[in-house]
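Chemist: Here you go, sequence then predicted model.
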Amino acid sequence: MGGTRIDLQVADGAAWITLDGPERRNALDARAVADLVAACDRIDADPSVGAAVVTGAGTAFCSGADTAVLDRLRNETPAVRAEELSRLYSGFHRFGALRVPTIAAVNGPAVGAGLNLALAADLRVLARDAVLVSGFSRVGIHPGGGHLHLLAQAGGGSVAAGMGVFAQRMPADRAVASGLAWAVVEPENLRSTVEGMIRHLAADPELARALAASLRSAAGGPDAWDAATGEERDRQVWSLGRTGRET
């Protein structure tokens, strides 16, 4: 079974990144992450692009990190765990640092690291049958990648606690009220809705990039996310090293 592929399509000023591994629910492994970083580099290097969208192929947005990777890391040293987890984090961190405004078109479940990728976008639009799931604590792993910070930034402390600590799922119909999503639409309308939202940005990439820079500055920049990622990584490394836990 192949890994998740990263499909980048750029047309008329808009970049669409599709996680394409529906047979594994678009799970992320090291190769997929590296390809995601490369796709983001291509977008930033193309001055004709004014907006970027990330979505998933099939019925899932992203099921998170490949469980085979996490299982293997349990038997590695703490230093190796930290290094490989940082590599996995680099995908959604790179997407979050794109120089253009970004939307996550969440077409299905977004779980764990997949939820991090959705939260790294400036805005989220959900299909009605999508669901947002932290996933970490339910399987005995501390969240990683600045997960609790991203949840709190988007939805506040109660959302971060409810999802990240108490392992509650967030259905699409509650996501707008919580602040985690801008809109919920029927699945067949997801792409056209997002296309309509980014059309003016795609037509004026210079303004779009200036708006993105100002938006990120108003949100406090990347420093808080980076600090939270470092703190969570240490605890995630510890949690993966415990014996007797199952993923």
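Modeler: Ah, there it is. Residues are numbered from 1 along each chain as shown.
Chemist: A strand includes residue 242, no?
Modeler: No - assessed with DSSP: H, G, I helix; E, B strand; the rest coil, residue 242 is coil; it does not lie in a strand.
Chemist: and it, what pLDDT?
Modeler: With respect to pLDDT, residue 242 scores 88.
Chemist: which one is it nearest to, not counting chain neighbours?
Modeler: In space, and not counting its chain neighbours, residue 242 is closest to residue 140: 7.5 Å by CB to CB, 6 or more residues apart in numbering. Any C-beta I mention is one placed from the backbone N, CA and C, and that applies to glycine too.
Chemist: Could you name the helices and strands sitting against the lowest-mean-pLDDT helix or strand in the chain?
Modeler: When the helices and strands of the chain are scored by mean pLDDT, DSSP states H and E, helix 67-73 comes last with a mean of 88. Contacts defined by 3 or more CB pairs under 8 Å, 6 or more residues apart in numbering; DSSP states H and E place helix 67-73 against helix 78-96.
Chemist: Give me the below-cutoff pLDDT ranges for this protein.
Modeler: Across the chain, the ranges flagged by pLDDT under 70 are 1-2, 243-247.
Chemist: show me where it has strands.
Modeler: 5-11, 14-20, 51-56, 102-106, 110-111, 123-127, 131-133, 170-171, 183-185 (DSSP state E).
Chemist: hang on, the earlier thing: and the gap between the residue nearest to residue 242 and residue 196?
Modeler: As defined by CB to CB, to the nearest Å, residue 140 lies at a distance of 42 Å from residue 196.
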